[in-house]
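> dropping a prediction and its sequence here:
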Amino acid sequence: MSPQLPTKVYNYLLVLLFSAWLTYCNGHGGSSADTDSGIQCVESERAALLKFKQGIIADKCGLLNPWRDGLDCCQWRGIHCSNHSGRVISLRLPGIADSDYDNYKGCLEGTLSDSILELKHLKYLDLSFNHFRGQLPKFISSFANLEYLNLSNAGFSGVVPQEIGNLSKLSYLDINGLNMRVESLWWLWHLRWLKQLDLGGNDLSVATNTWVPIVNNFPFLQVLRLDDCQLSLKLQSSLSYINSSSTLNVISLSKNNMNDKSILEWLFDLKGLGSNLVYLDLSYNQIFGNNILVSGRVMKFLGSLCSLKNLHLSRTSLNYNFSDIVQSYSMCPHKAFESLGLSYNQVWGSIPDKIKTLSSLRELRVGNNQLNGTISQDLGGLSMLETLNLYSNSLKAVLTSDHLSKLSKLSSLNLGRNIDVVVNISADWIPPFQLKKLELHSCKVGPDFPMWLTTQKHLIAINLYGASISGTIPVSFFNSLSSKLEFLIMPHNMMNGVLPDVSITFDIPPRIDLSSNNFHGAIPPFLRNVSILGLNNNSLFQGLIPFLCPKNKTPLVSLDLSNNLFSDKLPDCWGYFDKLRLLNLQNNKLWGRLPTSIGTLDTLYALFLSNNNISGELPLSLINCKSLISLDLSYNSLSGHIPSTFWNSFKNLSILTLQNNNFIGSLPSSFCQLSQIQILDLSSNLVSGTIPRCIYNLQGMANTTNVMELILDNVAPDIVEDPFKSALIMWKRKERSFKGYHSLKEVKTIDFSNNNLEGSIPEGISSLIGLVSLNLSRNHLSGVITPNIGQLTVLESLDLSHNHLFGEIPTSLAKVTNLGVLDLSYNNLCGKIPTGPQLQTFDYSNYMGNPGLCGAPLPKCERDEATKIPQNGDNAAPHNEHHIDDFMLGLYISVVLGVITGFWGVCGTLVLKRSWRHAFFRSYDNMKDGIYVIIIVHIARVWRRS
């Protein structure tokens, strides 16, 4: 007999006894004081519980409704009393958890009253999945008899009190999901009787060097969960891996970002691991480092653990052959392996036939790897399979009903992003299973709609993105949708026809995306009851007004109807959409003024109305949309002055595009208060005046920080749709559509082109060092280009053409090495184009229209040719020395000829003509006599004065 057998028997007996006790409690409505015994609860404890109830400000589930005066508290829900003394020994009031999605419905909200200290005999306390406020109270440590403490996801905050270490009888401790900070773990040292420890979802970063020896100290520990605890990236080599506990059967250390194999060394040295370990989760730790040798050693070791049933190694940089992994898990006789998670690694190879030997397998998750080959029907022999995830590999298959006909327990099927998977299932096939999740993204499901889906009544998530489906969606499919539906994703197909209106209510408003198809007609009213609706890129043209003007408020959070054929007047019913965060109606034919009710959308993050026929002035009610991050009103017929009063209200506005409208007046100086702006486009309007001098205040452009990322992380972390979903920008002389945060995050641009702006370019614009594109072309700007423009070192596009700028091109511009587009044409610039790695590479047309400008790529400057001097000594001849010699020779000849001509022109005439000669010398004598007389008279006067 194995020496471990008594321990295992002991453990199983404990589990059975505990389960029987819980069953007994549930069978008696949560109370256990036997009414036949005549023992009732103690009055002081009943009063304490009623005071506890007073601290609860909300009871969403009615847990405390039976708690009333005059009743035996042992009969109350969640209370369990001793049959002998009537003392409360158990307080169990957990909220309602959803195990599928790690969400929970907190039943109780309020504070935890210290009145429960009266329950001095309490052994069992469960307040998990609620919303208690404030810090976890230290008085919890006063329950000296407490054996079971579950406060997971109970809402407490702050620091985990070390006084919990005084609960020396504790065998079960669960404070998962509180996001609390742990200043030390040494208090755990006193909890020697612990069998289950769960500190997941708390900050244990200060315990990086202590958690291993502390865990090693628990001789009876069976379950260890330290997920998402910010544990050490690397365990110290000096730590002892010798474990005094041989009872561990569950180890979960996921999401700690450990990046080396030291944690594996600890596992290798655990005693009794081969006969006890049932569950191991090391996912989301880069422990393998893509090292195939380390991966092979570990996988062979884990494959030898014949007790192991559940292994999760997703996102661990595992690099190994999948066939060898399956082979290692088929070595143990009678192995009941149940769950294998290897997603997001570098697992390669094919799915081997030997997979069928893992007959107890319930979950197989190998998505986002490098598997290839064919999906064989051997997978269909795993009759216990509930979850199959082969997402995003390079697998091939013609999937028929034969692959799936034996999978009666299947609830989740994910073959998405395997573009060579063809689903060929007859329309009349009735599956033996009821799916909850179906993911066939980019698989070839069509051309016909998969009618077998109408038999699936429990689907909560459906993804048929780009599945080559054409034709209409049958009404029976919509009628079969579950009220628990959360996702219906069917964009980028070729489906057409009219969307039917069905009578269906959803427990929680789902996300429905039917975009990029060819649906026409009207929007069915039932789609108002969803949270995220995507019908963009279709041919819908009716029913907009009834849809947007409901009788009751809607749960819509995101609405995208862009790129359709709606030609209605923009409705004025926005008060019904008080939860709306994203509204996209661009690229339709909507007309009329922006309604005043648009200001009721005070939760709106993104508003896209570009490319319609909207006219009139911007309504002042828009000032109420203070949460705006993206505002796109471009390509309309908006007119009037740009309001100057409300731009300082948009603290988080990152994208503002008003191009191609009819705005007049000057640029308001309040634009300078858009501290988070990254894209500012007012091009192609009738704006006049000067560029505000305060433009340097645009802090979002004054650095290279990704402002959009900060907004998403800090300002609006709960955004369900990308507020940077769309932006049409003139980028490097071409109009380009940027879609989504990832394509826009590095873009910082100002475009004031094609207006009537005048005055000079503000010096402060050179402070916007994050600018990637600057376009001020086709205005009436004058003055010089700011000398410090070279500070814009990340600038990729600069267009100052068609203005009245003068002076030289600043030499600092030559330092901007990222320039891909430069246009300075049609100004009054002069001088030589500065020499640099970029400026000479542009076409001459980018400088033309500046008569005084010279130098490559324009013709050479003459003064440079005349003054160039050799620099390299006698042996070096400048490239233009012959030109200089010819010039000097011509100069000498001209001087000599001039002297000769001047001399003989005068003297020769006097020699040859006598009358001129007499007249010349007579004039000379008269001038000489006059000068002589003047000098003598002047001398005489000087003598007389002296």
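Structure's in. What do you need? Numbers count the residues shown, from 1 in each chain.
> would you mark the buried spots in stretch 307-326?
Within stretch 307-326, the residues scored as buried using 16 or more other C-beta atoms under 10 Å are 307-326. Where you see a C-beta, it was placed from the backbone N, CA and C, and this is true even at glycine.
> looking at these, which are in strands?
Judged by DSSP state E, the buried residues of stretch 307-326 include 310-312 as members of strands.
> which among those gets closest to residue 150?
When these are ranked by distance to residue 150 (C-beta to C-beta), residue 310 comes first, at 21.9 Å.
> identify the residues contacting that closest one.
Residues in contact with residue 310, defined by C-beta atoms under 8 Å, 6 or more residues apart in numbering, are 278-281, 338-339.
> if any of those are buried, give me the PyMOL selection for them.
Listed next is the PyMOL selection for buried residues among the contacts of residue 310, using 16+ other C-beta under 10 Å:
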select buried, resi 278+279+280+281+338+339
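> how about the contacts of residue 310, which pair is most distant?
Farthest apart among these - using C-beta to C-beta - are 281 and 338, which lie 13.2 Å from each other.
> may I ask which helix or strand of this protein has the lowest mean pLDDT?
Using mean pLDDT, DSSP states H and E, helix 5-27 stands out as the lowest-scoring helix or strand of the chain, at a mean of 42.
> after that helix, next one along is what?
helix 43-54 (DSSP states H and E).
> what's the spacing between that following helix and its chain's center?
48 Å (C-alpha atoms, centre = their mean, to the nearest Å).
> likewise for stretch 749-765?
32 Å.
> buried stuff in that stretch?
Burial within stretch 749-765, assessed by neighbour count using 16+ other C-beta under 10 Å, is assigned to 749-755, 757-758, 761-762, 764-765.
> mind listing the strands for the stretch 201-350 of the chain?
Listed in chain order, the strands of the stretch 201-350 of the chain (DSSP state E, counting those that start in this stretch) span 223-225, 250-252, 279-281, 310-312, 339-341, 348-349.
> turn the ones you listed into CSV, including distance to residue 158 and mean pLDDT.
Below are the strands of the stretch 201-350 of the chain laid out as CSV (distance: least, C-beta to C-beta, whole Å; pLDDT from 0 to 100):
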stretch, distance to residue 158, mean pLDDT
strand 223-225, 21, 96
strand 250-252, 24, 95
strand 279-281, 28, 95
strand 310-312, 31, 96
strand 339-341, 34, 96
strand 348-349, 47, 96
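> to residue 556, which of those lies closest?
Distance to residue 556, taken as C-beta to C-beta, is lowest for strand 339-341 among these, at 35.5 Å.
> direction included, what does that closest one pair up with?
Strand 339-341 pairs in its sheet with strand 310-312 (parallel), strand 363-365 (parallel), by DSSP bridges.
> can you redo these as a markdown table with distance to residue 823?
Converted to a markdown table, those look like this (distance: least, C-beta to C-beta, whole Å):
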| stretch | distance to residue 823 |
| --- | --- |
| strand 310-312 | 57 |
| strand 363-365 | 54 |
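> low-confidence regions, the stretch 351-500 of the chain specifically.
Within the stretch 351-500 of the chain, no range satisfies pLDDT under 70.
> all helices for it, in order.
401-404, 475-480 (DSSP state H, counting those that start in this stretch).
> quick one: contacts of the last one?
Taking contacts as C-beta under 8 Å, 6+ apart, the residues outside helix 475-480 that touch it are 449, 453-457, 500, 502, 504.
> show the buried residues in those residues.
Buried subset of those (neighbour count, 16+ other C-beta under 10 Å): 449, 453-454, 456, 500, 502.
> buried sites along stretch 575-595?
Under 16+ other C-beta under 10 Å, the buried positions of stretch 575-595 are 576-577, 579-588, 590, 593-595.
> how about stretch 613-631?
Buried positions in stretch 613-631, judged by neighbour count with 16+ other C-beta under 10 Å: 614-615, 618-619, 621-625, 627-631.
> okay, these in TSV with distance to residue 439 next?
Shown next, in TSV, are the buried residues of stretch 613-631 (distance: C-beta to C-beta, whole Å):
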residue	distance to residue 439
614	39
615	45
618	44
619	44
621	43
622	40
623	44
624	40
625	36
627	33
628	34
629	30
630	30
631	35
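> switch those over to CSV; also include pLDDT, secondary structure and distance to residue 396.
Shown next, in CSV, are those (pLDDT from 0 to 100; DSSP: H, G, I helix; E, B strand; the rest coil; distance: C-beta to C-beta, whole Å):
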residue, pLDDT, secondary structure, distance to residue 396
614, 97, strand, 50
615, 97, strand, 55
618, 95, coil, 55
619, 94, coil, 57
621, 94, helix, 57
622, 94, helix, 54
623, 93, helix, 57
624, 94, helix, 55
625, 94, coil, 50
627, 91, coil, 48
628, 93, coil, 47
629, 91, coil, 43
630, 91, strand, 42
631, 94, strand, 47
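> closest one of the residues you listed to residue 169?
The shortest approach to residue 169 among these belongs to residue 627, at 51.2 Å (C-beta to C-beta).
> and for residue 69, the neighbour number?
Residues lying near residue 69 (other C-beta atoms under 10 Å) number 7.
> then the one 4 residues further on?
Look at residue 73: counted by other C-beta under 10 Å, it has 24 neighbours.
> from residue 148, how far out is it?
20 Å (C-beta to C-beta, to the nearest Å).
> try residue 50
Counting by C-beta to C-beta, the gap from residue 50 to residue 148 is 24 Å.
> repeat for residue 494
As judged by C-beta to C-beta, residue 494 and residue 148 stand 58 Å apart.
> show me what contacts residue 484?
Applying C-beta under 8 Å, 6+ apart, we find residue 484 in contact with 458, 460, 506-508.
> I misspoke; the intended subject was residue 346.
Per C-beta under 8 Å, 6+ apart, neighbours of residue 346: 290, 317-319, 369-370.
> ok, which of the strands of the stretch 201-350 of the chain comes nearest residue 642?
Judging the strands of the stretch 201-350 of the chain by C-beta to C-beta, what sits closest to residue 642 is strand 339-341, at 55.1 Å.
> so what pLDDT did the residue lying closest to residue 495 once chain neighbours are set aside get?
Distances taken as C-beta to C-beta, 6 or more residues apart in numbering place residue 517 nearest to residue 495, at 4.5 Å, with adjacent residues excluded. On pLDDT, residue 517 comes in at 97.
> tell me what residue 821 is bridged to.
residue 797.
> my guess is it meets residue 801, correct?
No: if you go by C-beta atoms under 8 Å, residue 821 and residue 801 don't touch, sitting 10.8 Å apart.
> now do the shared contacts for the two.
Joint contacts of residue 821 and residue 801 (C-beta under 8 Å, 6+ apart) do not exist.
> okay, the two: which has more neighbours?
residue 801 (24 against 17).
> doesn't residue 822 make contact with that one?
No: in this structure residue 801 lies outside contact range of residue 822 using C-beta under 8 Å: 9.5 Å.
> which residues are in contact with both of these two?
residue 846.
> between the contacts of helix 475-480, which sits nearest residue 470?
Ranked by distance to residue 470 (C-beta to C-beta), these are led by residue 449 at 8.3 Å.
> how near is that closest one to residue 460?
For residue 449 relative to residue 460 (C-beta to C-beta), the value is 20 Å.
> residue ranges with poor pLDDT in the protein?
Residues of the chain that meet the cut-off, pLDDT under 70, sit at 1-38, 97-105, 233-246, 271-272, 334-335, 705-745, 863-926, 928-930, 932-933, 936-946.
> now the helices: where do they sit in the stretch 651-800 of the chain?
Assigned by DSSP H, counting those that start in this stretch, the helices in the stretch 651-800 of the chain fall at 707-710, 741-744.
> farthest-apart pair in the buried ones among the contacts of helix 475-480, please.
Top of the distance list for those (C-beta to C-beta): 456 and 500, 18.4 Å.
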